[in-house]
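Engineer: This is a predicted model, with the sequence first.
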Amino acid sequence: MKIKKFLYSQKAAPYVFVVPFILSFLFFWVYPLCSTITMSFQDIGPATSEWIGFKNYAKLLRDPTFRTAIANSFEYMLGTLILLIPFPMLFAVLMDSRLVKAKGFWKACLYLPALTSVVISGTLFRLMFSEYPTGQMNVITSALGLGTFKWLKMKSTGLGALLLTACWRWTGVNMLYFLSGLKGIDNALYESAEIDGANAWQKFRYVTIPLIKPTTIYVLTISVYAGLAMFMESFMLWAGPASPNNIGLTIVGYLYNRGIQKNDLGYGSAIGLVLLVIALIINIIQLIANGTFKKEER
Amino acid sequence: MADSIGKKMGMSAKNRILSVIATAWFAILAIIIIFPVFAGLLASFRPGTELIRKGLSIDLDVSTMTLNNYIYLFSGNADSQKYFMWFRNSLFLTAVSVVGTLVICYIVAYGLSMYEYPLKNFLFFLVIATMMVPFEILILPLYKEMITLKLIDTTAGVVLPGICGASTVFFFRQYMIGLPKELLDAGRIDGATEYGICFKIMLPITKPAFAAMSILCAMGAWNNVLWPMLVYRNAAKFTLPIGLNTLLTPYGNNYDVLIAGSMFGILPVFIVFLCFQKYFIEGMTAGAVKG
């Protein structure tokens, strides 16, 4: 009776409410994170595991395949940053203006790819990037007089195919993020800028860009993470974790190869932790550069 | 910016031209975006072997199109049964994830927004901290953990690790912070318990947040591949994306089902999207507004 009374008290109630989070946090975050850190220092066999110190990491440093994976993931991430931040931002500004008619319809069309599973979109793009002259991309390049390509067999075109798939899926979503950021900007600021004689470009540069910075930082952060952790897109484009000369191999793809397919959980964990450290470093640098930690001073 | 220009001058001739250009620009973008799905749709009316032989491209020749793939898909034969089993599995997984995630995240967010207590901010910080680790790096230890917990091949194993999703908790909390706290005291005066207040008074007024989040969670669960693919080993449990992926053999003997099934698999999400478009966008952009 006493316990029941305590649990129903106003003091205990919030703790009861957050219990599911604490459990999920401990079981599905703290534990796996610690476990993957431990495993990264072990050589894990079917029955026994042996403590081998930094050997997994030393091996990673000398592993040319891992370097390929890191390079691929970085190139992909940088590509998405270049393509999936400025352009969606401009589209959002245009969409926000009075000039565009039937906005709802265009927004819905641009959002459509986000509804499809990566399996479906990946399959569609894989078939469009077919090396046969009748594949869609080859039809286009032949029509332009550029000839045909073995898209998914060369490094540059393979990366291009990945980036195009990413643009297809995320341009609309990122545009909607920026649109919601633009809604938060007070129209009076544009009017006062106009009174000061600002032209369209100056208004964009000195009002829009600074004021949608929180949205930009958000999009940047999720793009960095999603870019570095990309795997399924490449998995679908090459119909599996293997690609010719590893042109589509990403960090998580390599983690999957080693950890799941070859069941080397120790080495796989080390790969994952390198990815985590890279992601955290980039994120912290980016937050410092954007002055997020200085927010209180305003 | 162009906004306020338009206001000042009204719709002058120059603006009308600009308006046509701007609208045309989005029309072009929309065509590019719809293009692959349209090509897939056209291809779904042709034999799957064509895809293997030729790849995918827009082919408007109506004379070569048949309904055979869809007839096959709905024929009730072994392939068709397999497809609809995946479909049912996906529906089931989606329903379980949505209900589980929403209930858990609502409760947690309630605890993080409606009371004042010493650990509150620290706990919220922990919620945010979980977002800093990409899920992909946890798949190995979680996979091992699921084997230890005997949750491999179970829906619980697929759903539990993500059931307290940080972004969903975050969204609910943002929404609930704006709700009047006086309602809690009013409930207490009326003799409701803390839990009664949570479920009987506050839950009904949180409905819009539920609407936005249920759609987002459902879409995530319906389209999720990586984690379900690792947890489900038994082919009888495969969801639609996993099942479709198994059809991607180099021989292409199943491309009829693959292409028709892919197109048909987009349909449920698409219909839900058309009906609840507002909630989709609301739920998705909620995280970005605060930054």
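Structural biologist: Here it is on my side, so go on.
Engineer: what are the ranges of the helices in the stretch 51-200 of chain A?
Structural biologist: With helices called from DSSP state H, counting those that start in this stretch, the stretch 51-200 of chain A shows them at A:55-62, A:64-84, A:86-96, A:103-111, A:118-128, A:136-143, A:155-183, A:187-195, A:200-203.
Engineer: For stretch B:43-52, which outside residues touch it?
Structural biologist: When contacts are taken as C-beta atoms under 8 Å, 6 or more residues apart in numbering or on different chains, the neighbours of stretch B:43-52 outside the stretch itself are A:127, B:56, B:59, B:64-70, B:251-252, B:254-260, B:262-263. No exception for glycine: its C-beta is placed from N, CA and C like everyone else's.
Engineer: The residues you listed, buried ones only, as a PyMOL selection?
Structural biologist: Only the buried members of these enter the following PyMOL selection, criterion being 16 or more other C-beta atoms under 10 Å in any protein chain shown:
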select buried, (chain A and resi 127) or (chain B and resi 56+59+69+70+252+254+255+256+257+258+259+260+262+263)
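Engineer: picking up where we left off before, among the helices of the stretch 51-200 of chain A, which is the most enclosed?
Structural biologist: Greatest average neighbour count among the helices of the stretch 51-200 of chain A goes to helix A:118-128 (a mean of 25), per mean count of other C-beta atoms under 10 Å in any protein chain shown.
Engineer: tell me what that helix is packed against?
Structural biologist: Under the contact definition 3 or more C-beta pairs under 8 Å, 6 or more residues apart in numbering or on different chains; DSSP states H and E, helix A:118-128 sits against helix A:155-183, helix A:232-237, helix B:13-43, helix B:240-246, helix B:255-275.
Engineer: Please enumerate residues in contact with the second one?
Structural biologist: Spelled out, that is helix A:232-237. A:118-119, A:121-123, A:125-126, A:129, A:152, A:158, A:161-162, A:165-166, A:241, A:243, A:248-250, A:253, A:256, B:225-226, B:245.
Engineer: Please enumerate the helices of the stretch 101-250 of chain B.
Structural biologist: Counting by DSSP H, counting those that start in this stretch, the stretch 101-250 of chain B has helices at residues B:120-130, B:139-148, B:155-159, B:166-177, B:182-189, B:194-196, B:203-205, B:207-223, B:226-231, B:240-246.
Engineer: Could you dump those helices into CSV with mean pLDDT and mean neighbour count added?
Structural biologist: What follows is these, written out as CSV (pLDDT from 0 to 100; neighbours: other C-beta atoms under 10 Å in any protein chain shown):
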stretch, mean pLDDT, mean neighbour count
helix B:120-130, 92, 15
helix B:139-148, 94, 20
helix B:155-159, 95, 21
helix B:166-177, 90, 21
helix B:182-189, 89, 13
helix B:194-196, 90, 17
helix B:203-205, 91, 12
helix B:207-223, 88, 21
helix B:226-231, 94, 20
helix B:240-246, 92, 23
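Engineer: Put together a markdown table for these, with distance to chain A on each row.
Structural biologist: What follows is those, written out as a markdown table (distance: least, C-beta to the nearest C-beta, whole Å):
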| stretch | distance to chain A |
| --- | --- |
| helix B:120-130 | 5 |
| helix B:139-148 | 4 |
| helix B:155-159 | 11 |
| helix B:166-177 | 7 |
| helix B:182-189 | 8 |
| helix B:194-196 | 4 |
| helix B:203-205 | 13 |
| helix B:207-223 | 4 |
| helix B:226-231 | 6 |
| helix B:240-246 | 4 |
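Engineer: how about those, which one is nearest residue A:133?
Structural biologist: Minimum separation from residue A:133 across the helices of the stretch 101-250 of chain B (C-beta to C-beta) falls at helix B:240-246, 26.7 Å.
Engineer: quick one: is the host helix or strand of residue A:19 near chain B?
Structural biologist: Assigned by DSSP states H and E, residue A:19 falls within helix A:13-25. Yes. Looking at helix A:13-25 against chain B by C-beta under 8 Å from any C-beta of the partner chain, the contacts come from A:13, A:14, A:15, A:16, A:17, A:18, A:20, A:21, A:22, A:24, A:25.
Engineer: ditto for stretch A:50-70
Structural biologist: No. Against chain B, stretch A:50-70 shows no contacts by C-beta under 8 Å from any C-beta, the least distance being 12.5 Å.
Engineer: thinking again about what came up before, mind checking which of the residues of helix A:13-25 next to chain B are buried?
Structural biologist: Among the residues of helix A:13-25 next to chain B, the ones that count as buried by 16+ other C-beta under 10 Å are A:13, A:14, A:16, A:17, A:18, A:20, A:21, A:22, A:24, A:25.
Engineer: dump the residue contacts of the last one.
Structural biologist: Neighbour list for residue A:25: B:126, B:130, B:164 [criterion: C-beta under 8 Å, 6+ apart].
Engineer: per-residue confidence for it?
Structural biologist: In this model, residue A:25 is scored at 95, pLDDT.
Engineer: What separation do you get for the residue lying closest to residue B:201 once chain neighbours are set aside and residue B:78?
Structural biologist: Counting by C-beta to C-beta, 6 or more residues apart in numbering or on different chains, residue B:201 lies nearest to residue B:187, which is 4.9 Å off, once chain neighbours are set aside. Residue B:187 sits 57 Å away from residue B:78 when distances are taken as C-beta to C-beta, to the nearest Å.
Engineer: Please apply the same query to residue A:280.
Structural biologist: When distance is defined by C-beta to C-beta, residue A:280 is 49 Å away from residue B:78.
Engineer: again, but for residue B:135
Structural biologist: Between residue B:135 and residue B:78 the computed distance is 35 Å (C-beta to C-beta).
Engineer: Ok, residue B:218 next?
Structural biologist: Plainly put, residue B:218 is 29 Å away from residue B:78 if you go by C-beta to C-beta.
Engineer: again with residue A:173
Structural biologist: In this structure, residue A:173 and residue B:78 are separated by 38 Å, where distance is defined by C-beta to C-beta.
Engineer: in which helix or strand would I find the residue nearest to the spatial centre of chain A?
Structural biologist: Centroid-nearest residue in chain A, with C-alpha atoms, centre = their mean: residue A:226, separated by 1.4 Å. Here residue A:226 sits within helix A:213-228, counting by DSSP H and E.
Engineer: okay, the angle between that helix and helix A:86-96?
Structural biologist: 140 degrees (axes from the mean of the first three to the mean of the last three C-alpha atoms, to 10 degrees).
Engineer: No further questions, thank you.
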